[in-house]
Every structure is written in C-alpha cells, then in structure tokens.
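Trainee: 3D model of this:
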Amino acid sequence: MRLFYHESDPSMKPTVSRRTVLLGSTAATLLAVFPKQADARGSNDKEGTGDRGTILTRPILEFKLESTKLYKDPFWDVQLDALVRSPDGQEQRIPAFWSGGSEWRWRFSAHQSGIYRYQTIANDPGNQELHGVTGDFQIDEYSAGNPLWSQGTLQVSVNHRYLETTDGEPFLWLGDTWWMGLTDRLSWPNEFIQLTSDRRAKGFNVVQLVAGLYPDMDSFDPRGKNEAGFPWEANYQRINPSWWDLADQRIGYLVDSEIRPCIVGCWGYYLKKMGMKKMRAHWRTVIARWGASPVIWCLAGEGSMPWYLSNSRAEEQSALEKGWTDLARYVRQTDPFQRLITIHPSRSSRETIRDPAVLDMDMLQTGHGDYRSIPATLKQISNAVNQESVMPVK
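Mentor: Coordinates of the predicted model:
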C-alpha cells in the first residue's frame, strides 16, 4: 500500500516541502492525509513519482484507522495511541483522536530525518483493526522556508529567562488575542485570511485563541459556534468532530502564515462545569489534533476565576487552582511533543496554580487602562522577573 500526502487546501500555496513515505504491512486501512482529504488515494500523485508524495503546505503526517467493530459510544469507549520509535531509538506515545463514526486519526511531525516505526495501542486489544497495527515511514530533512518548522520548536533558554527556538534563536513574543477566532464571527476563509495577513504584515508572531469554550457566555451560546456548531454535543456528551475539522483549517492557516497558535483550552470556570474527566478528554483532543503543529498551550483563560454568578467564590477559586495544577500535569504527560505550557491569569500565572513548576512561562495580565496601566505594569513585570523560581515572563 502506498501513502500519499495531500494539500489541505489546493488553492493556497504557502511554503512547501516534500517527503518520502514508506509503509510496512498493516492490519487496517491506513492513509497519510491532511484534514478533509481522507479518501484521496493517490489522486494528487501528478508527477508519477511512485511513493513520493505531492507538494505539502506543512510537514505533518496524519494516519487514519477504521474499525468494522461498532461501539456504543466510540468517543468514550475507545482510547487509541501510536507508539512511535525514532531513528535514534527514542519513543513517543502519540494520542489519536476520534474523527467521527468508526474512524480514528493520529498526527506526527519531527525534525529528525530517517526511518520511524510505529505500533498502535488500543484499550480494546481484541480489535486488530485498531490495536497492534504496525508500519514505518521515512522523514526527510525539511527544506522549505517556513521558520516555524525550519528553526525548530520553542523552548525555554538555559538560564530560564527567555524563549528560544531549538536552533538557539531568541524568540520575542508579539501576540494578538482572538479569543473568538475559531467561531463563525470571524468567517472562514475570507475574514480569517484577511486578519491573518494584516497581523503577519505588522510583525505579529503569535495568535491566542480559545478552543471553543469561551469567556463571558455559557457553553452553547450561539455566539460561540462555528460553521459546524459547537465543539461538544449538548451536556458535554461527546465532542463534535465537525467543529474540530473546521478549526483545523484555521489553525493550519496560521501556521502556514508563520504565526504560532497559542491554544487556550477553555475559560477557567469550565473545569467546574464539565468536571475533570471531560476536561481531560477535551485537552486530549486538543493535543491529538494540534500537538504535531508548532503551537503553544495555554491551559485556560482566567484560570482561577470562578463563574461570574458564583455564590462561593473563595471555595471555587481554591478548587480551580488545584484542578488546573493537576490538569497541567496531565497535559505534560499526554503531549508527546512537549509544547510550552502556560495559563492565562487574573494577574500572574504563578498565582493561578498551586505549583509553578508545572508551567514553562509566567503570563501576566497587566490591566486594560492604556497608558494609565504603565506604572503598575512595570512594577508587576519587575516582581515577576525577580521571583526565586525563574521563568520567562510575558
């Protein structure tokens, strides 16, 4: 069986890359595709280059597995991972996401070239279409011009004072906030592309947006939907894969435009509304969908702020501080790509959780009073920079 890369949107031609893909025998239909191109088997092999795929917008492999065994509730009943061994023998456990029906997908990217081998692990070992699927693929050196891929991922500097790429280039966070950027209030593609182009031209390199569970409204407020509805079904029964498919397009376009998405998982009070089990499922989907891209994780917005109408604010704030600390550890454990983690605070990320060690950087909220906020902002930044446990401050 041959694997093919496919463009996520053939009408857009940003930076490109080529890869050779190899596949061993599998026990399930397995394709390397981009979102919304799941069944385009070889249709883009225009140059007749055999196993060499077509032009890519981003160097991400996506694999699809389908099960003929039916599950009552596949989102909750199946947990699927792929154990990937790199050429140097290191292993990563890649979470898969349920993409609707009886289909699961997992995504992978790497900066080390060579042959990679994988084996899938499902919580239903009797289903050989999901469990024990093996194969291999080759990754070649990325040679296209998008610095989000060519310079490597973001990391904390050795002295813990600033951010840098893995090739040692210091990174100055110049971010814009589009809390509602994944809704149809910023329509796709025209308005989203127009705003992205404007921000790129002005030098922005980060956009912060919320993964569907927004501030200042309840869960299923019509203002919070995209063209496919909401990210979860009513009462948080399970996710709505179609919402996430459309969000994929927006996230991917930011990356192609050399802007790093900072994914804010939700607004903080949703942890109490949904409970830890469902919030973990939400974040597992976020990681599985976008972890292979050069993203940054922001656990929540106003992480320790209770719901606006709460009658027990002190108690809820304490529970949120503990809950988001635990959730940070879960994200760190689940994310095989080890993206940077922070949390959006009322004042400081350090004050929003119980253990600052679970974070990579301290995010500050410094006020909304224009120039009148400057004195307090300078004092707040100074205090953050001079903390005993050093971390980048933004």
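
Trainee: my read is that Arg200 contacts Glu258, right?
Mentor: Yes: taking CB atoms under 8 Å as the contact criterion, Arg200 and Glu258 are neighbours in contact, 6.6 Å apart. Heads up, the C-betas are built off the backbone N, CA and C, glycines and all.

Trainee: which one of these two has more residues nearby?
Mentor: Glu258 (18 against 15; other CB atoms under 10 Å).

Trainee: who touches the more buried one in this structure?
Mentor: The contact partners of Glu258, taken as CB atoms under 8 Å, 6 or more residues apart in numbering, are 146-148, 200, 205.

Trainee: are we agreed that it is in a helix?
Mentor: No: residue assignment for Glu258, taken from DSSP: H, G, I helix; E, B strand; the rest coil, gives coil, which places it outside any helix.

Trainee: and Tyr371, how many residues sit next to it?
Mentor: Under the neighbour criterion other CB under 10 Å, Tyr371 is assigned a count of 7.

Trainee: can you mark which positions in stretch 323-334 are buried?
Mentor: Within stretch 323-334, the residues that qualify as buried are 323-328, 330-331, 334, counting by 16 or more other CB atoms under 10 Å.

Trainee: where do the helices sit along the stretch 101-250 of the chain?
Mentor: If DSSP state H, counting those that start in this stretch is used as the criterion, the helices of the stretch 101-250 of the chain fall at 147-150, 190-201, 241-256.

Trainee: chain center to the longest one: distance?
Mentor: The one in question is helix 241-256. 10 Å (CA atoms, centre = their mean, to the nearest Å).

Trainee: next, the angle from it to helix 190-201.
Mentor: 30 degrees (axes from the mean of the first three to the mean of the last three CA atoms, to 10 degrees).

Trainee: dump the C-alpha coordinates for helix 241-256 into PDB.
Mentor: Once non-C-alpha atoms are left out, helix 241-256 reads as follows in PDB (Å, rounded to 0.1, in the frame of the first residue of the first chain):
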ATOM      1  CA  PRO A 241     -15.700  16.200  15.200                       C
ATOM      2  CA  SER A 242     -17.100  18.500  12.500                       C
ATOM      3  CA  TRP A 243     -16.300  21.500  14.700                       C
ATOM      4  CA  TRP A 244     -12.800  20.400  15.100                       C
ATOM      5  CA  ASP A 245     -12.300  19.700  11.400                       C
ATOM      6  CA  LEU A 246     -13.200  23.400  10.700                       C
ATOM      7  CA  ALA A 247     -10.900  24.600  13.500                       C
ATOM      8  CA  ASP A 248      -8.100  22.600  11.900                       C
ATOM      9  CA  GLN A 249      -8.300  24.800   8.800                       C
ATOM     10  CA  ARG A 250      -7.900  28.000  10.800                       C
ATOM     11  CA  ILE A 251      -5.000  26.600  13.000                       C
ATOM     12  CA  GLY A 252      -3.300  25.300   9.900                       C
ATOM     13  CA  TYR A 253      -3.500  28.600   8.100                       C
ATOM     14  CA  LEU A 254      -2.000  30.500  10.900                       C
ATOM     15  CA  VAL A 255       1.000  28.000  10.900                       C
ATOM     16  CA  ASP A 256       1.300  28.300   7.100                       C
END
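
Trainee: the following helix or strand past it - contacts with which helices or strands?
Mentor: The element immediately downstream of helix 241-256 (helix or strand, assigned by DSSP states H and E) is strand 260-264. Helices and strands in packing contact with strand 260-264 are listed as strand 206-210, helix 241-256, helix 276-290, strand 296-298; criterion 3 or more CB pairs under 8 Å, 6 or more residues apart in numbering; DSSP states H and E.

Trainee: could you export strand 260-264 as PDB, CA atoms only?
Mentor: The C-alpha coordinates for strand 260-264 follow below in PDB (Å, rounded to 0.1, in the frame of the first residue of the first chain):
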ATOM      1  CA  ARG A 260       2.300  30.400  16.100                       C
ATOM      2  CA  PRO A 261      -1.200  29.500  17.500                       C
ATOM      3  CA  CYS A 262      -1.400  29.800  21.300                       C
ATOM      4  CA  ILE A 263      -4.200  27.400  22.100                       C
ATOM      5  CA  VAL A 264      -6.300  28.400  25.200                       C
END
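
Trainee: give me the pLDDT value at the most centrally placed residue in the chain.
Mentor: Ranked by distance to the mean C-alpha position of the chain (CA atoms, centre = their mean), the top residue is Trp290 at 3.0 Å. Per-residue pLDDT puts Trp290 at 98.

Trainee: leaving out the residues flanking it, which one is nearest to it?
Mentor: Once flanking residues are discounted, Trp290 sits nearest to Ile251: 5.7 Å by CB to CB, 6 or more residues apart in numbering.
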